[in-house]
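1. with the sequence up front, the predicted model follows.
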Amino acid sequence: MKFLERFQTLTAKPHQIGYDEYEPHPILKTYVHCFWFDHLLQSRSRVIPDLCMDVLIYIDEESNKVRSIFSGMNDTYFDTTTELASAVLGIRFFGWSGWLFSAEDLTSTKNIIGDSKDYFPMLTSLFQSEHFISVNPAQKIKLIENVLLNRIVEERKQLHPDFLNSMDLILQANDPITQKDLKRHCVIGARQLERLFRTYTGLSPKKMINLVRFQKIWRRMYATRTCDAADLVYQYGYVDQSHFIRDFKTFSGRTPKRMIQEI
């Protein structure tokens with residue numbers, strides 16, 4: 001999945017005080033977007049679809065206890081409130097690679113917030129260990145990386161080649177992609193491809209196409225701090241500006257102009 005490394009996603013506010021991201025082990029870079037640590041928990045924050053799924057470890061430093069949850073891929077925005085914790089450590093898997101480390105398929109995980117032990121029991125067991133609780137965030141990440149690296153070697157799970165080829169086409173294409181393009185690109189039927197996407201990501205191919213388009217637009221807006229709606233409509237295949245704004249607001253909860261203002 002080396003080609004998937006080239007596509008990096010953005011959260012609603014990539015740079016916040018008290019929030020830090022850490023690059024994963026080189027072998028894990030094709031599977032894990034980043035590890036992140038938030039030690040100044042905001043009372044409320046906006047989460048937008050970032051094509052990732054997260055395992056979040058809430059740390060109560062006073063009682064030396066942790067609680068972990070799994071957040072599946074989301075296809076709309078939502079607002080979070082702070083858990084009763086001192087800090088939170090996150091593992092941000094790419095949405096197309098989390099299945100490789102999961103004990104279950106991800107068919108029913110769209111927009112869910114669940115117990116991490118249902119999908120990542122090997123990680124959950126680690127989180128509850130006294131050694132994990134006692135070490136600092138950098139050491140915690142190393143322990144997590146060891147579990148993930150061992151999982152790659154032991155399980156030898158593989159994503160279907162047609163799924164990988166479809167994701168490559170969706171992520172790397174310069175022009176808008178349709179489901180018909182995926183069908184022509186693959187040697188399997190549309191129904192089987194739909195099943196693969198839902199098993200691995202919890203999303204349909206059409207939804208993945210739309211979310212990738214949203215992320216490409218958001219990355220461009222964030223980099224330029226501008227929103228040329230007419231140009232974006234033309235480049236990304238929208239019917240008109242109303243279609244573009246409505247679609248963007250569905251995913252972000254904000255109009256494009258307001259998202260730029262809140263950076």
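-> Yep, that arrived. Numbers count the residues shown, from 1 in each chain.

2. just the helices from the stretch 1-150 of the chain, written as ranges.
-> 121-127, 130-134, 137-155 (DSSP state H, counting those that start in this stretch).

3. deepest of the ones you listed, which one?
-> Ranked by mean neighbour count, those are led by helix 121-127 with a mean of 18 (mean count of other Cβ atoms under 10 Å). Any C-beta I mention is one placed from the backbone N, CA and C, and that applies to glycine too.

4. helices and strands around that helix, which ones?
-> Helices and strands in packing contact with helix 121-127 are listed as strand 65-71, helix 137-155; criterion 3 or more Cβ pairs under 8 Å, 6 or more residues apart in numbering; DSSP states H and E.

5. helices or strands up against the helix or strand just after the last one?
-> Meaning helix 137-155. Following helix 137-155 in sequence order, the next helix or strand is helix 161-172 (DSSP states H and E). Packing partners of helix 161-172 (3+ Cβ pairs under 8 Å, 6+ apart): helix 179-185, helix 190-201, helix 205-224.

6. identify whichever of those lies nearest to Lys157.
-> Proximity to Lys157, assessed across these by Cβ to Cβ, is greatest for helix 190-201 (10.3 Å).

7. which other residues reach that closest one?
-> 73, 95-96, 99, 105-107, 159-160, 162-163, 166, 179, 182-183, 186, 203-205, 208 (Cβ atoms under 8 Å, 6 or more residues apart in numbering).

8. filter those down to the buried ones.
-> Among those, those classed as buried by neighbour count (16 or more other Cβ atoms under 10 Å) are 73, 95-96, 99, 106, 159-160, 162-163, 166, 182, 186, 203-205, 208.

9. still on that earlier bit, using JSON lines, please lay out the helices of the stretch 1-150 of the chain together with mean pLDDT.
-> Output for the helices of the stretch 1-150 of the chain, formatted as JSON lines (pLDDT from 0 to 100):
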{"stretch": "helix 121-127", "mean pLDDT": "96"}
{"stretch": "helix 130-134", "mean pLDDT": "93"}
{"stretch": "helix 137-155", "mean pLDDT": "95"}
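
10. nearest to Ile91, out of these?
-> Closest among the helices of the stretch 1-150 of the chain, using Cβ to Cβ: helix 137-155, at 6.3 Å.

11. which residues touch the closest one?
-> For helix 137-155, using Cβ under 8 Å, 6+ apart, the contacting residues are 22, 24-25, 27-28, 31-32, 35, 37, 57, 87, 89, 91, 100-101, 122-123, 126, 131-132, 135.

12. and the angle from that helix to strand 65-71?
-> 50 degrees (axes from the mean of the first three to the mean of the last three Cα atoms, to 10 degrees).

13. how far does helix 137-155 sit from the chain's center?
-> Mean-position distance between helix 137-155 and its chain equals 19 Å (Cα atoms, centre = their mean, to the nearest Å).

14. and for the nearest residue to Ser71 once chain neighbours are set aside, the neighbour number?
-> The shortest distance from Ser71 to any non-neighbouring residue, by Cβ to Cβ, 6 or more residues apart in numbering, is to Asp54 (4.6 Å). Asp54: 23 surrounding residues under other Cβ atoms under 10 Å.

15. go ahead and confirm Asp54 touches Met73.
-> No. Using Cβ atoms under 8 Å, Asp54 makes no contact with Met73, being 9.5 Å away.

16. average pLDDT for stretch 162-182?
-> Mean pLDDT, stretch 162-182: 90.

17. what's it in contact with?
-> By Cβ under 8 Å, 6+ apart, stretch 162-182 touches 1, 3-4, 6-7, 96, 185-188, 190, 192-193, 196-197, 200, 205-206, 208-209, 212-213, 236-237.
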